[in-house]
Structures are given as C-alpha cells and as structure tokens.
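Q: no sequence on this one, just coordinates:
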Ligand code: KG4
Ligand code: ZN
C-alpha cells in the first residue's frame with residue numbers, strides 16, 4: 001500500500017509517498033516558508049496563503065518522482081491538527097478533495113502522533129513499547145507508548161515548549177526566527193561553565209517541564225553582563241546545556257518509572273546535536289536503546305504524515321466523508337486504529 005502524506009500545520013509544506021510493502025519512502029519534498037523571518041515569528045495568514053501557493057506544485061513533483069498516480073494510492077493522509085487552523089484547512093481540503101476524486105480513502109493525522117512515529121522511517125525502527133520524548137515548537141511531552149494510538153501522557157510542559165524557549169531566547173540574543181538552530185550554532189562558540197542556568201523542576205518528583213524561567217534567566221544575565229558577542233555565545237551555551245540536561249533528567253526518570261528499555265525522541269528540538277549526544281550517553285550508561293528520526297525528519301515534514309497514515313490505514317481505519325481540523329487536539333484522546 002502506497003500512502004500520500006500532506007503536512008501543512010505550521011510554516012512547512014511537506015509532501016511524501018510511503019510504500020508500506022517495501023517499507024520505504026518513494027519520494028518526499030519540503031518547502032520551508034521564508035515569509036515569516038521578517039516578522040520574527042509565524043504569521044498565520046501568510047502561512048495559509050503560502051501553503052495554497054506551494055501545495056499543488058509539490059504534490060505534482062512528489063507523485064512524479066514516486067512514479068505513482070493518485071488512483072493507484074492506498075490512501076491520502078493529511079495533518080488535521082494540532083496547529084494553525086487556516087494552515088491545517090489547506091492540507092485538509094486538498095487532501096480530502098484529491099482522495100475523493102481518486103476514489104481512495106482519506107485519513108486525518110494527529111501532528112504529534114506523526115512526530116512520534118517518525119523514527120519508524122529509519123532502517124533500525126523502534127519496537128513497542130517505548131517512552132517518547134516529543135520536543136517541538138509547540139509541545140514538550142513524555143509519552144508511554146504501547147502501540148499505534150496507545151498513548152499515556154507521563155508529563156508535559158506547564159508553560160513554554162522546549163522549541164518555543166529556544167526561539168524566544170534566540171530572539172533575546174538578537175538571532176533570527178526560527179531561533180533553535182541559530183542558538184545552537186551560537187552556543188558552539190560559547191564557553192562552557194561561564195554561566196550556570198537552573199534545571200527547572202528537577203529538584204522535585206514528577207515528569208512535567210517548565211522552560212519559561214530560562215528565557216527570563218537569559219534576559220537577566222544579558223542585562224547584567226557585557227553586551228558583546230562572546231557573552232551572547234556563553235549565554236546561548238548555558239541555556240542549551242540547561243535545556244538538554246533537564247530533558248535528560250526527565251527522560252531517565254520516565255524510563256525508570258515506566259520500566260521501558262527504549263527511548264524515542266522526535267520533534268524539531270530532536271535535531272539538536274547536544275541533545276542527541278547527551279541522550280546517546282544516557283542510553284549507553286543505562287544499557288537502553290535510543291531512536292531518533294534522521295535530522296530532516298525531526299522538524300515538520302510530509303514523510304512522517306505518510307507513515308502515520310499508512311500505519312492506521314493498514315490496520316483498517318476508515319473515516320466518514322466529513323472533515324474538519326483541530327487547532328487543539330489531545331494526543332491521549334486518540335484510539336488505536
Ligand atoms: O517539530 P517542529 O518542526 O514544529 C512543531 O511542530 O512545532 O519544531 C520546530 C521547533 C522550533 O522551535 C525550532 O527552533 C526547534 O524546533 N529546533 C531546534 C533545532 N532545530 C529546530 N531547537 C534546537 N536545536 C536545533 N538544532
Ligand atoms: Zn511539528
């Protein structure tokens with residue numbers, strides 16, 4: 001079964017075709033919207049308009065390079081939430097219409113489930129059960145996963161998500177949006193140990209996160225110190241180390257609490273080099289497995305949506321011919337296919 005995946009929940013237009021029989025991606029393409037950089041953050045209306053411009057050309061390109069025609073597909077999967085409502089509706093309307101015209105099933109995919117299953121696209125795919133650390137721009141969650149659609153939330157961010165904290169702190173340091181990769185690059189030139197930031201909520205039991213205080217800590221440190229490039233790099237380094245160590249501490253706790261021996265990391269912050277290295281270290285020290293998507297599938301993409309759609313269609317999930325999109329959507333509200 002070949003499944004087309006469409007991702008339009010935020011500022012990336014992603015399209016891909018996954019082949020379930022061969023267990024491989026046939027084609028994928030991504031358009032990263034640049035219109036937002038000048039505004040310092042994503043402007044929802046501009047995002048919707050850009051998806052409208054780019055989605056059909058990308059679809060043609062991906063179907064051609066996959067060597068597939070629409071009616072031959074086993075289904076069309078599209079991100080239906082959570083995300084920006086207007087942006088989601090572009091993918092939902094196009095995905096549903098194409099599926100209707102091609103007489104194939106359409107399937108609404110949960111964006112965080114797609115992130116969570118993204119490591120399944122790798123040659124060494126994780127087996128169930130596992131603990132997933134989801135670290136994106138909008139969410140930071142620890143989830144106990146026993147199968148597709150079987151998710152128990154262990155902990156989550158009470159304020160800013162990890163990616164959001166990266167983006168906001170990057171802005172304070174004068175870096176462009178999206179700030180995560182830019183802050184990580186600046187941190188490379190930072191001197192370790194010059195500043196020490198707190199590891200929020202690690203001094204008490206539990207698996208929830210709170211990252212908004214780190215941004216304030218960065219601002220106060222910036223105000224107190226000299227306003228030079230080295231100080232900014234040192235702050236970036238201290239911030240990154242605090243986020244990474246906090247995530248590692250909570251992952252260790254979640255693994256111990258759940259008894260799972262496998263950790264899956266997904267979402268944009270999963271592309272962070274220092275986080276990947278620290279979690280590999282944790283896995284080696286504790287004799288655990290750790291799985292990441294390849295770098296390009298940590299951030300938003302169509303491939304993870306195609307895979308999540310495939311996993312549910314293969315299990316026989318069928319949806320009625322009505323559709324909507326959800327700006328907010330709880331992962332725990334999902335059921336197995
Ligand atoms: O998963 P994603 O593409 O979109 C959402 O679903 O939110 O995640 C985007 C987030 C942004 O906040 C971005 O700054 C962050 O992931 N990010 C990173 C890195 N690459 C992307 N944060 C830290 N280090 C990186 N290398
Ligand atoms: Zn995402």
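A: Yes, it's here. Remember, it's a predicted structure, so these values are computed and weren't measured experimentally. Ligands and ions are numbered 1, 2, ... in the order given.

Q: does ligand 2 sit close to the strand or helix carrying residue 169?
A: For residue 169, the element it lies in under DSSP states H and E is helix 162-172. No: Helix 162-172 lies apart from ligand 2 when judged by CB under 5 Å from the ion; the minimum separation is 8.5 Å. In short, each C-beta sits where N, CA and C put it, glycine included.

Q: and that helix, what's its mean pLDDT?
A: Taken as a whole, helix 162-172 has an average pLDDT of 97.

Q: same question, stretch 11-28
A: pLDDT averaged over stretch 11-28 gives 98.

Q: buried set for it?
A: Buried positions in stretch 11-28, judged by neighbour count with 16 or more other CB atoms under 10 Å: 11-20, 25-28.

Q: which residues of the stretch 1-150 of the chain lie near ligand 2?
A: Counting by CB under 5 Å from the ion, the residues of the stretch 1-150 of the chain near ligand 2 are residue 136.

Q: which residue ranges form the helices in this structure?
A: 44-66, 85-102, 111-117, 162-172, 179-188, 212-224, 229-258, 273-286, 302-314 (DSSP state H).

Q: contact partners for residue 276?
A: Applying CB atoms under 8 Å, 6 or more residues apart in numbering, we find residue 276 in contact with 265, 270, 292.

Q: closest to residue 60 out of the residues you listed?
A: Nearest to residue 60, judged by CB to CB, of the contacts of residue 276 is residue 270 at 30.2 Å.

Q: I'd guessed that closest one sits against residue 135; true?
A: Yes: with contact defined as CB atoms under 8 Å, residue 270 counts as touching residue 135 (5.8 Å).

Q: shared neighbours, those two?
A: With CB under 8 Å, 6+ apart, residue 270 and residue 135 have no common neighbours.

Q: residue contacts, whatever residue of the stretch 201-337 of the chain ends up closest to ligand 1?
A: Minimum separation of the stretch 201-337 of the chain from ligand 1 (CB to the nearest ligand atom) falls at residue 268, amounting to 2.2 Å. Each residue near residue 268 by CB under 8 Å, 6+ apart is listed here: 135-137, 163, 178, 180, 298-300.

Q: next, see if the helix holding residue 169 gets close to ligand 1.
A: Yes: against ligand 1, helix 162-172 shows contacts by CB under 6 Å from any ligand atom at 163-164, 166-167.

Q: centroid-nearest residue for the chain?
A: residue 267 (2.4 Å; CA atoms, centre = their mean).

Q: just checking, that one touches residue 132?
A: No: if you go by CB under 8 Å, residue 267 and residue 132 don't touch, sitting 9.4 Å apart.

Q: hang on, residue 251 packs against residue 264?
A: No: contact criterion CB under 8 Å: residue 251 and residue 264 do not qualify, at 10.3 Å.

Q: return the residues in contact with residue 62.
A: 4, 15-17, 27-29, 302.

Q: mind running it again at 6 Å?
A: By CB atoms under 6 Å, 6 or more residues apart in numbering, the contact list for residue 62 reads 15, 27, 29.

Q: which ones are touching the last one?
A: Applying CB under 6 Å, 6+ apart, we find residue 29 in contact with 15, 58, 61-62.

Q: just these now: which is nearest ligand 1?
A: residue 15 (15.5 Å).

Q: burial count for residue 168?
A: 21 (other CB atoms under 10 Å).

Q: now it: closest residue in space that isn't a chain neighbour?
A: residue 215 (4.8 Å; CB to CB, 6 or more residues apart in numbering).

Q: could you find the closest non-adjacent residue to whichever residue of the stretch 101-250 of the chain sits closest to ligand 2?
A: Ligand 2 sits closest to residue 136 of the stretch 101-250 of the chain, with a gap of 4.3 Å, by CB to the ion. Take residue 136 and drop its neighbours on the chain: the residue closest to it by CB to CB, 6+ apart is residue 267, 3.5 Å away.

Q: next: residue 288.
A: residue 261 (5.4 Å).

Q: list the residues that contact the residue in the stretch 151-300 of the chain positioned nearest to ligand 2.
A: In the stretch 151-300 of the chain, the residue that lies nearest ligand 2 is residue 300 (4.3 Å; CB to the ion). Each residue near residue 300 by CB under 6 Å, 6+ apart is listed here: 7, 12.

Q: circling back to that earlier point, so which of the contacts of residue 276 sit within strands?
A: With strands taken from DSSP state E, the overlap with the contacts of residue 276 comprises residue 265.
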